[in-house]
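A.B. asks: Predicted model, plus sequence, below.
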Amino acid sequence: MSASPADIVANMMQHDAFSQWLGIEVLATDDGSCRLRMQVRPEMVNGFGIAHGGITYSFADSALAFASNAGGQQAVSIETSIAHISRLLPGDVLIAEAKRETESKKLGHYAITIYLENDMEKKPVALFRGMVFRLDKN
(Lines give C-alpha, C1' and ligand atoms only; values in the text may rest on other atoms or scores of the structure.)
Protein backbone atom coordinates (compact mmCIF):
# COMPACT_ATOMS: atom_id res chain seq x y z
CA MET A 1 0.00 0.00 0.00
CA SER A 2 1.40 3.39 -0.94
CA ALA A 3 1.62 6.27 1.51
CA SER A 4 -0.95 9.06 1.46
CA PRO A 5 0.06 12.62 0.49
CA ALA A 6 -0.33 13.65 4.13
CA ASP A 7 1.99 10.84 5.28
CA ILE A 8 4.58 11.70 2.63
CA VAL A 9 4.62 15.39 3.57
CA ALA A 10 4.71 14.57 7.30
CA ASN A 11 7.76 12.37 6.68
CA MET A 12 9.42 15.11 4.60
CA MET A 13 8.70 17.69 7.30
CA GLN A 14 10.12 15.43 10.01
CA HIS A 15 13.49 15.47 8.21
CA ASP A 16 13.37 19.11 7.00
CA ALA A 17 15.23 21.14 9.63
CA PHE A 18 14.95 24.39 7.66
CA SER A 19 11.17 24.21 7.20
CA GLN A 20 10.96 23.42 10.91
CA TRP A 21 13.12 26.48 11.71
CA LEU A 22 10.80 28.61 9.57
CA GLY A 23 7.95 27.40 11.77
CA ILE A 24 5.95 26.00 8.86
CA GLU A 25 2.66 24.32 9.68
CA VAL A 26 1.09 22.06 7.06
CA LEU A 27 -2.62 22.91 6.80
CA ALA A 28 -3.58 20.70 3.85
CA THR A 29 -1.88 18.58 1.23
CA ASP A 30 -2.82 16.49 -1.76
CA ASP A 31 -1.05 15.15 -4.84
CA GLY A 32 0.06 18.34 -6.58
CA SER A 33 -1.04 20.87 -3.98
CA CYS A 34 -0.55 22.03 -0.43
CA ARG A 35 -1.45 24.84 1.92
CA LEU A 36 1.03 26.02 4.56
CA ARG A 37 1.17 28.63 7.34
CA MET A 38 4.07 30.43 9.01
CA GLN A 39 4.68 33.58 11.04
CA VAL A 40 7.39 36.14 10.33
CA ARG A 41 9.61 36.37 13.42
CA PRO A 42 11.92 39.24 14.44
CA GLU A 43 15.06 37.26 13.49
CA MET A 44 13.73 36.99 9.92
CA VAL A 45 13.97 40.71 9.09
CA ASN A 46 16.61 42.60 7.16
CA GLY A 47 18.28 45.91 8.02
CA PHE A 48 15.11 47.81 7.11
CA GLY A 49 12.99 45.90 9.62
CA ILE A 50 11.01 44.04 6.96
CA ALA A 51 11.05 40.33 6.21
CA HIS A 52 14.13 39.27 4.28
CA GLY A 53 13.18 38.22 0.75
CA GLY A 54 14.76 34.84 1.39
CA ILE A 55 12.10 34.09 3.99
CA THR A 56 9.16 34.26 1.57
CA TYR A 57 11.28 32.54 -1.08
CA SER A 58 12.11 29.68 1.29
CA PHE A 59 8.50 29.42 2.45
CA ALA A 60 7.33 29.11 -1.17
CA ASP A 61 10.15 26.67 -1.99
CA SER A 62 8.99 24.40 0.83
CA ALA A 63 5.44 24.57 -0.55
CA LEU A 64 6.81 23.58 -3.97
CA ALA A 65 8.67 20.63 -2.47
CA PHE A 66 5.67 19.36 -0.52
CA ALA A 67 3.19 19.76 -3.39
CA SER A 68 5.45 18.19 -6.00
CA ASN A 69 6.44 15.19 -3.87
CA ALA A 70 3.09 14.46 -2.20
CA GLY A 71 2.09 12.03 -4.95
CA GLY A 72 4.93 9.69 -4.04
CA GLN A 73 7.33 10.21 -6.96
CA GLN A 74 10.48 12.11 -5.97
CA ALA A 75 10.83 15.54 -7.55
CA VAL A 76 13.55 18.18 -7.32
CA SER A 77 13.32 21.83 -8.31
CA ILE A 78 15.21 22.86 -11.41
CA GLU A 79 13.95 26.42 -11.91
CA THR A 80 12.23 28.88 -9.60
CA SER A 81 11.41 32.58 -9.44
CA ILE A 82 9.57 34.92 -7.10
CA ALA A 83 7.94 38.33 -7.28
CA HIS A 84 7.81 40.17 -3.94
CA ILE A 85 4.71 42.35 -4.03
CA SER A 86 4.29 43.70 -0.49
CA ARG A 87 6.55 44.21 2.49
CA LEU A 88 6.12 41.86 5.41
CA LEU A 89 6.69 42.65 9.07
CA PRO A 90 7.41 40.63 12.19
CA GLY A 91 4.17 39.11 13.43
CA ASP A 92 2.63 38.76 9.96
CA VAL A 93 1.12 35.32 9.49
CA LEU A 94 1.51 33.99 5.97
CA ILE A 95 -0.33 31.36 3.98
CA ALA A 96 1.23 29.64 0.97
CA GLU A 97 -1.00 27.85 -1.51
CA ALA A 98 0.80 25.65 -4.03
CA LYS A 99 -0.95 24.20 -7.07
CA ARG A 100 0.34 22.08 -9.92
CA GLU A 101 -0.38 23.74 -13.25
CA THR A 102 1.03 21.18 -15.68
CA GLU A 103 2.70 17.82 -15.44
CA SER A 104 4.43 15.44 -17.80
CA LYS A 105 6.33 12.23 -17.13
CA LYS A 106 9.47 14.16 -16.15
CA LEU A 107 8.45 17.79 -15.49
CA GLY A 108 5.95 19.61 -13.33
CA HIS A 109 5.11 23.31 -13.21
CA TYR A 110 3.72 24.89 -10.05
CA ALA A 111 2.34 28.25 -8.94
CA ILE A 112 2.61 29.27 -5.30
CA THR A 113 0.72 32.28 -3.97
CA ILE A 114 1.61 33.76 -0.60
CA TYR A 115 -0.86 36.03 1.18
CA LEU A 116 -1.59 37.28 4.69
CA GLU A 117 -3.72 34.87 6.69
CA ASN A 118 -6.26 37.51 7.74
CA ASP A 119 -6.75 38.85 4.19
CA MET A 120 -10.15 37.56 3.13
CA GLU A 121 -9.48 38.75 -0.45
CA LYS A 122 -6.23 36.73 -0.58
CA LYS A 123 -4.27 39.56 -2.21
CA PRO A 124 -0.83 38.14 -3.01
CA VAL A 125 2.17 39.43 -1.09
CA ALA A 126 4.45 37.19 -3.20
CA LEU A 127 4.07 35.05 -6.32
CA PHE A 128 6.41 32.09 -6.85
CA ARG A 129 6.77 29.86 -9.91
CA GLY A 130 8.62 26.58 -9.91
CA MET A 131 9.52 23.76 -12.25
CA VAL A 132 10.47 20.33 -10.93
CA PHE A 133 12.16 17.32 -12.48
CA ARG A 134 10.59 13.98 -11.58
CA LEU A 135 13.09 11.29 -10.66
CA ASP A 136 12.56 7.57 -11.21
CA LYS A 137 12.29 7.10 -7.43
CA ASN A 138 9.32 6.79 -5.16
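C.D. replies: That came through fine.
A.B. asks: what residue ranges in this protein score low on pLDDT?
C.D. replies: 1 (pLDDT under 70).
A.B. asks: Just the helices from the protein, written as ranges.
C.D. replies: 5-14, 17-22, 53-69 (DSSP state H).
A.B. asks: closest one to D31 among these?
C.D. replies: helix 5-14 (5.4 Å; C-beta to C-beta). All C-beta spots, glycine's among them, are computed from the backbone N, C-alpha and C.
A.B. asks: ok, back up a step: and among the helices of the chain, the most buried is which?
C.D. replies: By mean neighbour count, with neighbours taken as mean count of other C-beta atoms under 10 Å, helix 53-69 ranks first of the helices of the chain at a mean of 23.
A.B. asks: Would you enumerate the residues in contact with the closest residue to Q39 other than its chain neighbours?
C.D. replies: Closest residue in space to Q39, ignoring its immediate chain neighbours: V93 at 4.9 Å, by C-beta to C-beta, 6 or more residues apart in numbering. Shown in contact with V93 (C-beta atoms under 8 Å, 6 or more residues apart in numbering): 37-40, 116-118.
A.B. asks: run the last query once more with 10 Å
C.D. replies: 25, 37-40, 116-118 (C-beta atoms under 10 Å, 6 or more residues apart in numbering).
A.B. asks: Of those, which qualify as buried by neighbour count?
C.D. replies: 38, 40, 116 (16 or more other C-beta atoms under 10 Å).
A.B. asks: Centroid-nearest residue for the protein?
C.D. replies: Nearest residue to the geometric centre of the chain (C-alpha atoms, centre = their mean): A63, 1.8 Å.
A.B. asks: unless I'm mixing things up, it is touching G130, no?
C.D. replies: Yes - with contact defined as C-beta atoms under 10 Å, A63 and G130 form a contacting pair (8.8 Å).
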